[in-house]
Each structure stands twice: as C-alpha cells, then as structure tokens.
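A.B. asks: Sequence first, then the predicted structure, then my questions.
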Amino acid sequence: MKKVSCRLCGNEYNQITNTHLSSKHGLTIEEYKSKFPDAPLGKMTKEERKRQSEKAKEAMNRPQVREKLEGKLTPSQPEFWMEKKGLSESEAEKRARQNQRQAHKNRSSESYKSIWQVDFWMDKGLSEEEAKQKVSEIQSRNSKKASKFEGKSHTEESKRKIASSMSSVIGGKKSEWVNHFKSDGFGSKLERKIADWIKSEVRNDIEQNVEVETGDVVDIIAKEKIVEVYGDFWHCHPEMFDDEERHPVLEQTAKSIREKDEKRKTRIQQEGYDVIEVWENDWNENDQQVKNQIKNFL
C-alpha cells in the first residue's frame with residue numbers, strides 16, 4: 001500500500017484520517033479536502049484491509065512471541081483458575097468451559113460484517129448509494145441511545161465533528177467512532193470490560209473515549225483520573241516486541257511506538273491529569289492485581 005503525505009505536517013501515513021487531522025491540526029476531513037482538493041487520502045481497499053488484518057494475526061503468532069507466551073496459563077484452562085484464583089477443580093472446570101464458549105462466540109461474531117459498514121449492504125444487493133443511505137438511517141436511529149450522547153446537549157462545533165465522523169463511517173471505514181453506537185458498548189473489548197467493572201465496583205461517574213484539552217481522546221476518565229488500556233499488539237508490549245522490531249502494520253519500531261505513547265501520557269499529565277496504564281497481558285495474567293491497582297488509583 002502506497003503511503004500518502006499530510007499536506008499540513010508533511011508526515012507520511014497509510015491513510016489521512018479524521019483522528020490525525022482533528023488532534024494535530026484542528027481540521028475535519030471535509031475542511032482538509034476543501035483546503036487541498038487534489039490531496040490523496042490513501043483510503044485502503046477491501047483487499048488491503050484484509051491483508052492488514054492477516055499481517056496482524058501473523059505477527060502475534062510469530063515464534064518469538066509464542067515462545068514468550070509458552071507455558072503461560074490462560075482462562076480457558078482449569079489450571080488457570082485453580083492456581084491463580086484458588087478455585088476447586090470442579091469450579092475451575094466450569095469457569096474454563098464458560099471462557100471457551102465465550103471465546104468461540106467472540107470468534108464467530110467477528111466473522112460477520114457489521115451492519116454499520118457499506119460493504120455489508122452492498123453484499124445484500126444494494127447499490128453503493130443505497131448502502132450509504134442505509135448506514136446513515138441506522139446511525140440516525142441509534143445515535144440517541146449511545147452513552148456518549150444520551151442526556152447531553154451539543155454545540156454546533158461538536159455536531160460538526162460528529163457529522164464529520166459519520167462521513168468516515170458511511171464511506172465504509174470502520175472508525176473508532178462507530179464503536180460508540182454498537183449495542184455492546186464502545187472501545188476495545190477489554191476497555192469495555194474494565195469500564196463496566198469500574199462502574200459496578202469502584203465508581204459510576206466515569207466516561208469513555210473523551211477528548212481532553214490536548215486534543216487526545218482518552219479511554220476512561222473520572223474527573224482528573226485517566227485509565228488508558230493498552231492492547232499488546234498495537235502498543236507493542238515489551239515482552240512481545242523488541243525495541244528495534246518493526247510493527248508489521250504501523251511500520252514503525254516498537255521503541256518509537258512506545259515513546260509516542262509516553263509523550264502522549266506526559267502531554268496529558270501536563271494538563272493536570274493523573275494517568276494509569278493497563279496492559280492487556282497484565283490483565284489476562286492477573287486481573288485481580290490490576291483491579292486492586294485501579295481501585296487504589298481511583
């Protein structure tokens with residue numbers, strides 16, 4: 001896939017996105033296109049998205065990653081629940097079966113295209129314009145139900161940003177924004193799981209995917225406290241990626257990706273926020289320990 005340059009900062013990306021333009025330059029896609037009508041956006045084709053997904057899967061199955069994870073118990077094994085949680089053998093087997101069924105359910109659901117995507121409706125026989133209209137209608141029906149919008153009023157500026165995000169989704173891009181309108185919540189699965197636990201066990205005044213003063217969108221926030229959830233693959237967990245190893249999708253070294261995360265954290269902290277990071281691997285290995293850390297933090 002050929003990279004494209006942002007006409008504002010000169011950096012090269014696989015695709016010029018709303019996230020980049022809004023956080024770095026304070027513009028929407030529409031404003032950028034109006035300013036630079038001949039600038040390519042580098043939108044990925046269906047085949048390119050599929051290849052990117054395959055590269056991600058291959059990366060997590062690399063021998064060096066598997067070796068680091070080899071021997072580690074998972075929640076799908078009874079031994080995990082007996083050794084790490086202290087459950088009896090019968091209780092452990094029950095929990096392991098529940099986890100296996102849920103994992104199977106997750107894999108099955110991920111094999112289906114989303115009704116929020118134009119491709120889904122085009123496969124049903126609709127034209128591209130009809131498919132875009134269908135997606136737009138679904139968004140209109142569901143937007144009022146989302147926790148991001150429920151009970152809140154919006155300025156013209158916030159409405160403009162939402163409309164801009166809509167155009168990305170209608171165009172077939174499965175953006176972060178669309179997760180706000182899914183029936184099962186928003187954000188990554190782990191982020192939603194942690195947020196649900198915080199609401200039920202710690203405090204219920206948290207918000208998710210909120211833009212702070214720096215222009216960064218944070219995962220979970222409660223007043224001046226921020227919980228950031230780091231996926232092992234996209235944030236390059238140190239136990240899985242060596243410093244100079246290049247990320248197979250982002251095409252940057254693991255060290256540079258982690259440095260960007262650290263700079264982002266520092267930028268947010270300078271605005272007066274306290275920040276804690278939760279790694280996917282740490283949660284999977286000992287969620288109770290991570291829960292205790294979050295409780296003490298919040």
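C.D. replies: Received the coordinates, thanks. Numbers count the residues shown, from 1 in each chain.

A.B. asks: Spell out the secondary structure type for Val278.
C.D. replies: Following DSSP: H, G, I helix; E, B strand; the rest coil, we place Val278 in the strand state.

A.B. asks: before we move on, what SS does the nearest residue to it once chain neighbours are set aside have?
C.D. replies: The shortest distance from Val278 to any residue other than its chain neighbours is 5.1 Å, reached at Val229 (Cβ to Cβ, 6 or more residues apart in numbering). Placement of C-beta: from N, CA and C, glycine included. Secondary structure for Val229, judged by three-state DSSP, is strand.

A.B. asks: ok, now how distant is His20 from Lys255?
C.D. replies: 21 Å (Cβ to Cβ, to the nearest Å).

A.B. asks: which one of these two has more residues nearby?
C.D. replies: His20 (18 against 15; other Cβ atoms under 10 Å).

A.B. asks: Check whether the more buried one really touches Arg7, as I assumed.
C.D. replies: No. If you go by Cβ atoms under 8 Å, His20 and Arg7 don't touch, sitting 11.9 Å apart.

A.B. asks: Wait, Val217 touches Gln208, no?
C.D. replies: No. In terms of Cβ under 8 Å, Val217 does not count as a neighbour of Gln208; the distance is 9.6 Å.

A.B. asks: name the element Gln208 belongs to?
C.D. replies: strand 207-211 (DSSP states H and E).

A.B. asks: Paired strands for whatever helix or strand comes next after that strand, with orientation please.
C.D. replies: Sequence-wise, the next helix or strand downstream of strand 207-211 (DSSP H and E) is strand 217-222. The pairing partners recorded for strand 217-222 under DSSP bridges are strand 207-211 (antiparallel), strand 225-230 (antiparallel).

A.B. asks: export those to JSON lines and tack on mean neighbour count and distance to Arg97?
C.D. replies: Output for the strands paired with strand 217-222, formatted as JSON lines (neighbours: other Cβ atoms under 10 Å; distance: least, Cβ to Cβ, whole Å):
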{"stretch": "strand 207-211", "mean neighbour count": "17", "distance to Arg97": "31"}
{"stretch": "strand 225-230", "mean neighbour count": "21", "distance to Arg97": "27"}
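
A.B. asks: Compare these and report which one is nearest to Asp38.
C.D. replies: Closest to Asp38 of these, according to Cβ to Cβ: strand 207-211, at 29.8 Å.

A.B. asks: Can you name the residues that contact the residue nearest to Val278?
C.D. replies: 187-188, 190-191, 194, 219-220, 277-278, 280 (Cβ atoms under 8 Å, 6 or more residues apart in numbering).

A.B. asks: Buried only: go through these for me.
C.D. replies: Among the contacts of Val229, those buried by neighbour count (16 or more other Cβ atoms under 10 Å) are 187-188, 190-191, 194, 219-220, 278, 280.

A.B. asks: Farthest-apart pair in those residues, please.
C.D. replies: Between any two of the buried ones among the contacts of Val229 (Cβ to Cβ), the greatest distance is 14.5 Å, for Ile220 and Glu280.

A.B. asks: any idea how far Ala254 is from Arg246?
C.D. replies: Distance from Arg246 to Ala254, by Cβ to Cβ: 8 Å.

A.B. asks: Which one's more surrounded, those two?
C.D. replies: Ala254 (20 against 15).

A.B. asks: wait, that one sits on Glu245?
C.D. replies: Yes. Ala254 lies in contact with Glu245 (Cβ under 8 Å); the separation is 5.1 Å.

A.B. asks: hey, what's in contact with both of the two?
C.D. replies: In contact with both Ala254 and Glu245: Cys236, using Cβ under 8 Å, 6+ apart.

A.B. asks: All the helices of the stretch 101-250 of the chain, in order from the start?
C.D. replies: 118-123, 128-142, 156-170, 189-201 (DSSP state H, counting those that start in this stretch).

A.B. asks: Lowest average pLDDT across those helices?
C.D. replies: If those are sorted by mean pLDDT, helix 156-170 sits at the bottom with a mean of 50.

A.B. asks: Now render the strands paired with strand 217-222 as CSV, adding mean pLDDT.
C.D. replies: Output for the strands paired with strand 217-222, formatted as CSV (pLDDT from 0 to 100):
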stretch, mean pLDDT
strand 207-211, 86
strand 225-230, 95
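
A.B. asks: wait, what's in contact with Trp234?
C.D. replies: By Cβ under 8 Å, 6+ apart, the residues touching Trp234 are Leu250.

A.B. asks: again with Ser5
C.D. replies: Per Cβ under 8 Å, 6+ apart, neighbours of Ser5: 11-13.

A.B. asks: Who does it form a beta bridge with?
C.D. replies: Note on Ser5: beta-bridge partners by DSSP bridges are Glu12.

A.B. asks: Cool, thanks, talk later.
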